[in-house]
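Q: Fold the following, please.
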Amino acid sequence: MATRVSRQSRGRSRALAKSPTGIPGFDEVTVGGLPKGRTTLITGGAGSGKTLFGIEFLVRGVQQFGESGALVAFEETVADLTQNVRSLGVDLDRLIARGQIVIDYVHLERNEIHETGEYDLEGLFVRLAHAIDSVGAKRVVIDTLEALFAGLSDLGILRAELRRLFRWLKERGVTAIVTAERGPRTDRDSLTRHGLEGFVSDCVILLDNRVAEQVTTRRLRIVKYRGSTHGSNEYPFLIDAQGITVLPITSLGLRHEASTARISSGTAELDNMLGGRGFFRGSSILVSGTAGSGKTTIAATLVEAACRRGERAVYFAFEESPAQIQRNMHSVGIDLDRCVRSGRLRFHAARPTAYGFETHLTELHRAVREFRPQVVVLDPITNLGSVGSVLQIQSMLTRLIDYLKSEAITGLFTALTKSSGEVEHSEIGVSSLMDTWILLRNLESDGERNRGLYVLKARGMAHSNQIREFRLSDRGIALAHLHHLRVCARIGHFPQAQPRAPRFPYRTPI
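A: Reported below is the predicted structural model:
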């Protein structure tokens, strides 16, 4: 036993020490942050967020980890930098006044850099040493290398001075970030303009700001990380009033707990169709149907029921404004206004085309993380098809469902189906991700139109195989036995069912 413990201790001691950045999501991707006491290269095109990343690293180091920082800037003055980040809620002036961060602006002209054998960085080392010592900095940012080596074309001198700079930083024991501009787009293998910085860096992070179908998405990729495991995919990140947020796009895995607790749908008849007890808490629910079939009403009923239980809910609307949803639900006796006033319901409404998938997903994560709801509604997910492919929607929803399940949050998703074709087919192919699938359909016969509802699947619980008439009135939802089964079967909307069939003959395997 003693031998086993000693081996584990030696394994931990050999692990690479890291400095957490405090940037949400990034430390998860890097399994702890940036390499402590080493240099990280941040590269990307104009406007990709390199400078902001460096400043956040310094600011969060002060605020969250008690580590002072130093920034040497070659392109922006102290006044420009403080003004630029003030809109993100960062008060650099106050941190500078307290002696927690120092910024040294170095103005260089291209003609001041000469290519001679005597070229070196001694002047920079002197200024860096003074800045570090003045505040006892543990974190250093140099922004950017292009300004420092703008006049050099001799790759031999450039490589030698880069190694010297990185070695000097390492000897000082500081965790450093050095920013650099992305190489030409025609050279996909070039991470920087010189193409050498990545070879001498212990960690290389690529920031990208791309546009597809007139929608902008920011992405981050860890190209290299010596001595440490790390996420190798591309990860979306968001820059907003709270700074940078990185969202891992890999699935959280199938390790979440499966609750046996049940919650009401808000409709007694629907609960009866689900084994008499409603949905599993923390499950994923798909409500699909044609236009006007009542999908939003079922979602609003679930939300109101959660609020009545004293729980919190978040409603993400991609088609209607919150005011419009609340007004429309009044006509069927659902008072969402009261839920909002009580502080138990929060709406987030945005057109899908407002930004890209990853930004939507980041906003969803942030809203859930801040409000801590027990129920989340996305209405409708089919509208997301206007900004991406079915594969992209499936990827986004998979990640979101994994996240909600890991937090034991019940998620309800509405989806539009076509008025013709197979009913047992979700428009964007996400039905396999759902634990419960409820189908709604508009039925026309004998000169009138009615709504029908049935439970296509409900994993882990007995559920009814009967088709019910789905009625809406000023008292909410009511389900009644449907007497038009032959008509339904003939027009192909629902499978043939027997009126006298047992109520709960099916149990969908988990």
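Q: In contact with Asp208: list those residues for me.
A: 44-45, 48, 218-221, 234 (CB atoms under 8 Å, 6 or more residues apart in numbering). Any C-beta I mention is one placed from the backbone N, CA and C, and that applies to glycine too.
Q: Now do the helix or strand in which it is found: distance to the chain's middle.
A: Assigned by DSSP states H and E, Asp208 falls within strand 203-212. Its chain's C-alpha centre and that of strand 203-212 lie 16 Å apart, by CA atoms, centre = their mean, to the nearest Å.
Q: returning to what we had before: and the furthest pair within the contacts of Asp208?
A: Gly45 and Glu234 (14.9 Å; CB to CB).
Q: pLDDT weak spots in the protein?
A: 1-14, 108-120, 150-155, 183-199, 212-215, 248-254, 358, 386-389, 418-429, 482-510 (pLDDT under 70).
Q: Find the helix or strand that the most centrally placed residue in it is a member of.
A: For the chain, the residue sitting closest to the mean C-alpha position, by CA atoms, centre = their mean, is Thr362 at 2.9 Å. Using DSSP H and E, Thr362 maps to helix 357-371.
Q: And the very next helix or strand once past that helix, how far out from the chain middle?
A: Downstream of helix 357-371, the first helix or strand assigned by DSSP H and E is strand 375-379. Relative to its parent chain, strand 375-379 has a centroid offset of 16 Å by CA atoms, centre = their mean.
Q: what's the angle between strand 375-379 and helix 357-371?
A: Interaxial angle, strand 375-379 versus helix 357-371 (axes from the mean of the first three to the mean of the last three CA atoms, to 10 degrees): 150 degrees.
Q: Report all helices and strands that the following helix or strand past strand 375-379 contacts.
A: For strand 375-379, the succeeding helix or strand toward the C-terminus, using DSSP H and E, is helix 390-406. Applying 3 or more CB pairs under 8 Å, 6 or more residues apart in numbering; DSSP states H and E, one finds that helix 390-406 contacts strand 284-289, helix 357-371, strand 410-416.
Q: so which of these gets nearest Glu320?
A: strand 410-416 (11.5 Å).
Q: Now, of the contacts of Asp208, which are buried?
A: Of the members of the contacts of Asp208, the ones counted as buried by neighbours, 16 or more other CB atoms under 10 Å, are 44-45, 48, 218-220, 234.
Q: Show me the helices in the stretch 151-300 of the chain, by range?
A: Per DSSP state H, counting those that start in this stretch, the stretch 151-300 of the chain carries helices over the ranges 155-171, 197-200, 268-273, 295-308.
Q: would you turn those helices into CSV with distance to Leu88 and mean neighbour count?
A: Below are the helices of the stretch 151-300 of the chain laid out as CSV (distance: least, CB to CB, whole Å; neighbours: other CB atoms under 10 Å):
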stretch, distance to Leu88, mean neighbour count
helix 155-171, 26, 16
helix 197-200, 27, 19
helix 268-273, 45, 19
helix 295-308, 33, 24
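Q: Could I get the ones you listed in JSON lines, plus columns for distance to Ala349?
A: Shown next, in JSON lines, are these (distance: least, CB to CB, whole Å):
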{"stretch": "helix 155-171", "distance to Ala349": "47"}
{"stretch": "helix 197-200", "distance to Ala349": "43"}
{"stretch": "helix 268-273", "distance to Ala349": "26"}
{"stretch": "helix 295-308", "distance to Ala349": "13"}
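Q: And the ones you listed: which comes nearest Asp240?
A: Of the helices of the stretch 151-300 of the chain, nearest to Asp240 by CB to CB is helix 295-308, at 26.0 Å.
Q: what's the angle from the closest one to strand 284-289?
A: Going by the same axes, to 10 degrees, helix 295-308 makes 140 degrees with strand 284-289.
Q: about what we covered before: cross the buried ones among the contacts of Asp208 against strands and list the overlap.
A: 44, 218-220, 234 (DSSP state E).
Q: can you list those residues in CSV and add distance to Val31?
A: Shown next, in CSV, are these (distance: CB to CB, whole Å):
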residue, distance to Val31
Gly44, 22
Arg218, 22
Arg219, 19
Leu220, 15
Glu234, 17
